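# No letters, just coordinates:
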């Protein structure tokens, strides 16, 4: 971590929600010397943390009252509403950090609730395995009340590698959901290509190893696509669409012949054909962005 726990005073923290991630957060705080109060609807989940030195509060209101910093790590935004709703004045003067997965709109709504109840609200997203909470391998995105974030940044720094995205409470959720979505989009496509390789009787494990070795080559392309979408200037990144389009029928026919899903390849072909018909065949794959959401 960036700050040695022995060079600064500890901060009392409350953690509400003791699933795997919430328990990992509480344990990391205890390991870094922070007096930690915990609460969970199922009280038995607090027992291991109490044995490790945490104080188990009998109610959510008691837990919130115990600390200036309250970290929520619940199942979803409905669970956050269920916990916060009855508290009303109990959150006044607190910094509430919500590490529960949710949408940007939900984050902004909860931020407004916190503001009207006298609390500073920081929304957060956590990318990483619970077992690695408290190490730099866990990436945490935060947004919302800047003063609240700055007041407890050193505490949050004890949980992983931080990035603050701005005063708009929804920005951390934008980052988190987009990062997760990239993973799912890539991995689902990968499974479909595994189906293709397997259907041909080829070595799936060997193919996977070769893909793993080539994934790093996409890093410059990701950055180039981001710059192109931002500027609206689309060069022939993977080659001109007029050339790329020649591959599409072969890709689709190959999949169809083996009974492998063609939905994504057909979508790529449709977008390429339309972009070419619109007179942009000299541009690259990144230019397909111009057709997304506006059809």
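Thanks, I have it. Here the structure is a predicted model, which means the values were calculated and not measured.
# which residues touch residue 289?
225, 228-229 (CB atoms under 8 Å, 6 or more residues apart in numbering). Just so you know, the C-beta spots here come from the backbone N, C-alpha and C atoms, and that holds for glycine as well.
# same thing with residue 73?
15-19, 21-22, 25, 99-100.
# Would you state the predicted confidence (pLDDT) at the nearest residue to it once chain neighbours are set aside?
What sits nearest to residue 73 in space, not counting adjacent residues and going by CB to CB, 6 or more residues apart in numbering, is residue 22, at 3.6 Å. Here the pLDDT value assigned to residue 22 is 98.
# ditto for residue 293
79.
# ok, now which ones touch it?
Residues in contact with residue 293 (CB under 8 Å, 6+ apart): none are found.
# counting contacts, what elements does the strand ranked longest in the chain pack onto?
Once the chain is assigned using DSSP state E, the strand that runs over the most residues is strand 120-127. The contact analysis (3 or more CB pairs under 8 Å, 6 or more residues apart in numbering; DSSP states H and E) places strand 120-127 against strand 95-98, helix 104-116, strand 139-144, helix 146-151, helix 171-199.
# residues of the last one that come out buried?
By neighbour count with 16 or more other CB atoms under 10 Å, helix 171-199 contains the buried residues 171-176, 192, 194-197.
# which helices and strands sit right next to that helix?
Counting contacts by 3+ CB pairs under 8 Å, 6+ apart, helix 171-199 is packed against helix 104-116, strand 120-127, strand 139-144, helix 204-214, helix 241-258.
# Could you check the angle that helix makes with helix 104-116?
Computed by axes from the mean of the first three to the mean of the last three CA atoms, to 10 degrees, the angle separating helix 171-199 from helix 104-116 equals 160 degrees.
# One more: the third one?
Direction vectors for strand 139-144 and helix 104-116, defined by the same axes, to 10 degrees, enclose an angle of 50 degrees.
# Can you tell me what sits against strand 139-144?
Residues outside strand 139-144 that contact it (CB under 8 Å, 6+ apart): 97, 99, 107, 111, 120-128, 149, 156, 159-173, 175-176.
# Please consider this matter closed, and thank you.
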